[in-house]
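K.L.:
Mind looking at a prediction? Sequence and model below.
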Amino acid sequence: MKRAVRFVVVAALWAGPLASAGPGQGAPAGAPPSGVVTPAADSALEARTSAVASQLRCPVCQGLSIQASPSELAQQMRSVVRDQLTAGRSPADVQAYFVSKYGEWILLSPAPRGINLIVYALPILLVLGGLLVVVLAVRRWTTAPADSATH
Amino acid sequence: MNWRRASLGVAAALPVIALLAWGMTRDPKDIPSPLPGKSAPSFALSVFAPGQQPLARTVGDTVRLADLRGQVVVLNFWASWCLSCRDEHVTLSAVARQYAGKPIQFLGVLYNDEPVSGTAWIKEMGGQSYASLNDPGARTAIDYGLYGVPETFFLDVHGRVAYKQTGPASAQVLARVADSLLAVAEKDGAPTNRNR
Amino acid sequence: MNGLIGHGALLISVAVIVLGIGAGVMAGRLRTQDWINAVYSAVYTNFVLVTIATGAMVVALVTHDFSVSYVAQVGSRATPLFYTIISLWSALEGSILFWGWVLSLYAAVVVWTNRRRAGALVPWSATALLGVSLFFAILLIGPANPFHPVYPVPSDGPGPNPLLQNHILMAVHPPLLYLGYVGMTVPFAFAVGAMLSGEIGSNDWIKLTHRWTLLSWGFLSAAIIAGMWWSYEVLGWGGYWAWDPVENASFMPWLTATAFLHSAIMQERRSMLRLWNVNLVVGTFVLTILGTFLTRSGIISSVHAFTTGTIGYFFLAFIALVLVASLGLVAGNSDRLGSAGNLDSAASRETVFLLNNLFLTVFMFTVLVGTLFPLVAEAIRGVKVSVGEPFFNRMSLPVVIVLVFLMGVGPALPWGRASRDEMRRKLVPPAAGAALLLAIALVAGMRNAYALAVVALAGYSIVANAREIVIGMQARHEARGEAWGVALLKLASGNRRRFGGYLAHIGVFAVAIGIAASSSMRSDREATLKPGESITVAGRTLRLKSVWGRDETQRSVVGATLEFVENGRVAGIIEPRMNFYPASQQPVPTPAVRSSLLGDVYVNLQAFRPDGSNVTVKVIYEPLVPWIWAGGLIVVLGAITSILPQRVRVAHEADARQPATGARGALAGLHANVEAT
């Protein structure tokens, strides 16, 4: 009985996140796990769901994917992903669905198009340019006369 | 003094500084919704809180967006655990009552909450003039790209999303958006008083 | 009273710093002992004053003096004493105060240990340290003043951020981070001092800087690992690294500092890369300030972002100032910074060091570009985009693979020139290590190609590094007949920096293997259980025994007790909980972890029914996670080994076949009284 009282106290302490202010990490506890779906036995579907879900950003968290986030909305979004995949939609369709609702912000890797290519190409260009510099430098330095060294 | 090296460094650093300075003027939490201008996601949700006359709906009835075509729809997502929802509750209820009789429907949608808690909250807050719908699994909320509560969507008579309000809505915003949508509705020759 | 003392001390410290900087300029130009003494006195005095201010804040926190704004913000009578003390760094103003204190401490220690050193290097460096201190002192009396008087005095406060008072690591991670982060100011100050004093052409300053970088690097490494651990233990998602802007902010200077630790050796040995080294040192410092800006300005949303204000503009102005001043200095000293490159052969450790610097720098740029790209996209396209974990993983994994390989090749190759035969002898046998670990990984079920590559190359490099140690031991054993254990100890103390380097490498391999295994072979399941029901993940069965709630002094707790069921018998319990703090609207997830050498069972309580009739739990099995923490410990041990002062006698005994990598040079940079300790 006393335990039940504590539950009420504890549940009363909890109130959910603010509109867009809360850095929501925790799962809303008092609310029932209505959106929680016990995973289907189908592990192939689970793997596909998780692959898609890892690419989508949890709206109430900070930078976590809906796959990683324990928040309730993330759990519900995972179940949307699962349902859409079950209904025969492709992973690209599912991504497009979420982009149409939340904007490009929802994608954890920016779509490799247009200006976004910068973020993919720059590191590769840096590696190539850097390698060129190192190769040229090593070639020049190994052929330099030994007495130029400033030991 | 190697001026070339110095200017090269400054040339590389300046854009970054400028970018960061510009970034200071932006709010990273303000993420625009892609929905305004697009056709509103359809829904069919059942009423759990009836609202009050003249806006009352029968508990258990299913409300379909398709049936509301020709009316302006104000969709307010809320929850009993949401603190900011308390701030806007009175305003929303009053504005909805004020517009009774016009071709505009106010609807609450419960987000990640139990209808029991929702009903209790409405009672605690002194009642709500319009009906609220239950959204199990937050499917409709996700369809509307919800980040949190409260968020309010304004749909025009053609069933398009016209405007999205993040955070508590003020009476001014509610009235301004509702009036402009109703004015457009009249100009377009939509039926002026059509209660389903 | 506390507020008055603290604020007063800070005001005086601003005056002292300004006078000290004036004296520093005179000391640098005239080089007379009186002016030099004046600068040093300013540094010591500043340390005393900031210590008084910090002490006043701690006293205010402990005595619940809510008339002090910071205490009113983070204090609470219900918070246990321990968390009250560490709430010193739980919010913006306190953390800046703590930062200022750590900086004043570093400055005092740097000056004290080098006070007898001749030349203008130390006076100028002390002046640079005072310059950076001035910035933080201005923050502390301006936009980040923690000592604002509050009136009327509240009777109680909300307490620190629940997320931060939920775990003991909160007492460990931030101080380590500040010690590492702030410590990077010292190398910067030395670089500035060397440029202003005209000593940049000598390699002396680089040896001094190398040691101090090593110290800060050790702290930063420990801080990053502790931060990962904290995130793992507290955030409830079973991960330890999310490429959050704050994590990136701590990682970027670590990368450039790591590059410097290697390239400094190039300068010490071959007088190469002078300009590059100055740039790395300055860049590392700028990255620490940039990281602080990113997290303190609210420009990028992040888990740890503090509340915002005008402080961001101060940081931005400071970054601009530092960049312009350092670029000007570097440009002005460019004739001293030129260095003729000279290599005996492309097949040498030098080449590997060049490549390692390239890839570490590219790694840093990749993280930097990814972190800032959302701003770029918004500026150009007006669209908000995210750059998150999948992007960073995809872009960094190839770089990590190359780096892990280079970490094996580097130690295996000799300085100077490796003959064809030597290369074969050194580079081929470690492949056995790669084959062994690859086979183990395949048998264990690892299938991800990247993870397999990391594990295999880590196997290669572990053997390559361990072999260097063993070869050294063997040489001693055979030449002097020392027992193996004695040989190891003598080897380690004979060339601490080199031995510490191998150790740090091995630690990094353990971390790499831990990350590869835990991220690629993790299995998780989520289920809603009634008492008596079970869930099985990766062959481990957990049965829900009970759901409970209780009140603790500063919080309420809801928890679930689950039993491990093995062969029908109960083999231990695990209790994930949710902690509810009055100040927070949301519960703080408090997952429970059962660790073993081979992996962790991680259980998070996701949701519960208020009547206790069921709970939703997420159970995760993550292999080799403890290897990450153990690897971090080994890295830190490596850093400590490298820093420990080396006694002259031992240095002379260093194996002649493995010339000391500037160990004696490092010795020269050390002051006698540090050695004595």
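P.N.:
Happy to help now that I have it.
K.L.:
what does chain C put close to chain B?
P.N.:
C:293, C:297-301, C:312-313, C:316, C:319-320, C:323-324, C:327-328, C:330-332, C:334-335, C:372, C:374-376, C:378-379, C:384, C:585 (Cβ under 8 Å from any Cβ of the partner chain). (Glycine included, C-beta is placed from N, CA and C.)
K.L.:
7 Å instead?
P.N.:
Residues of chain C lying close to chain B by Cβ under 7 Å from any Cβ of the partner chain are C:297, C:299-301, C:312-313, C:316, C:319-320, C:323-324, C:327-328, C:330-332, C:334, C:372, C:375-376, C:378-379, C:384, C:585.
K.L.:
burial of residue A:79, as a residue count?
P.N.:
Using other Cβ atoms under 10 Å in any protein chain shown, residue A:79 has 20 other residues around it.
K.L.:
next one: residue C:1
P.N.:
If you count neighbours by other Cβ under 10 Å, residue C:1 ends up with 12.
K.L.:
Check which helix or strand residue C:280 maps to.
P.N.:
helix C:274-296 (DSSP states H and E).
K.L.:
Give me the buried subset of the residues of chain C next to chain B.
P.N.:
Buried members of these, counted by 16 or more other Cβ atoms under 10 Å in any protein chain shown: C:297, C:299-301, C:312, C:316, C:319-320, C:323-324, C:327, C:330-332, C:334, C:372, C:375-376, C:378, C:384, C:585.
K.L.:
pull the helix or strand with minimum mean pLDDT from chain C.
P.N.:
Among the helices and strands of chain C, helix C:672-676 carries the lowest confidence by mean pLDDT, DSSP states H and E, at a mean of 31.
K.L.:
what's the spacing between the residue of the stretch 351-500 of chain C found nearest chain B and chain A?
P.N.:
Chain B sits closest to residue C:375 of the stretch 351-500 of chain C, with a gap of 4.5 Å, by Cβ to the nearest Cβ. Using Cβ to the nearest Cβ, to the nearest Å, residue C:375 is found at 12 Å from chain A.
K.L.:
contacting residues for that residue?
P.N.:
By Cβ atoms under 7 Å, 6 or more residues apart in numbering or on different chains, the residues touching residue C:375 are B:19, B:23.
K.L.:
So, low pLDDT: which residues of chain A?
P.N.:
Screening chain A residue by residue with the criterion pLDDT under 70, one finds the ranges A:1-41, A:144-151.
K.L.:
how's it carved up into domains?
P.N.:
For chain A, the structural domains run A:39-108, A:111-139, going by automatic domain parsing.
K.L.:
Spell out whether the last one and chain C are in contact.
P.N.:
Read it as domain A:111-139. Yes: using Cβ under 7 Å from any Cβ, domain A:111-139 reaches chain C at A:115, A:116, A:119, A:122, A:123, A:126, A:127, A:130, A:131, A:134, A:137, A:138.
K.L.:
about what we covered before: next SSE downstream of the helix holding residue C:280?
P.N.:
Later in the chain than helix C:274-296, the nearest helix or strand by DSSP H and E is helix C:311-332.
K.L.:
ok, back up a step: for ChimeraX, write the selection for the buried entries among the residues of domain A:111-139 next to chain C.
P.N.:
Applying 16+ other Cβ under 10 Å to the residues of domain A:111-139 next to chain C, the buried members can be selected in ChimeraX as follows:
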select /A:116,119,122,123,126,127,130,134,137,138
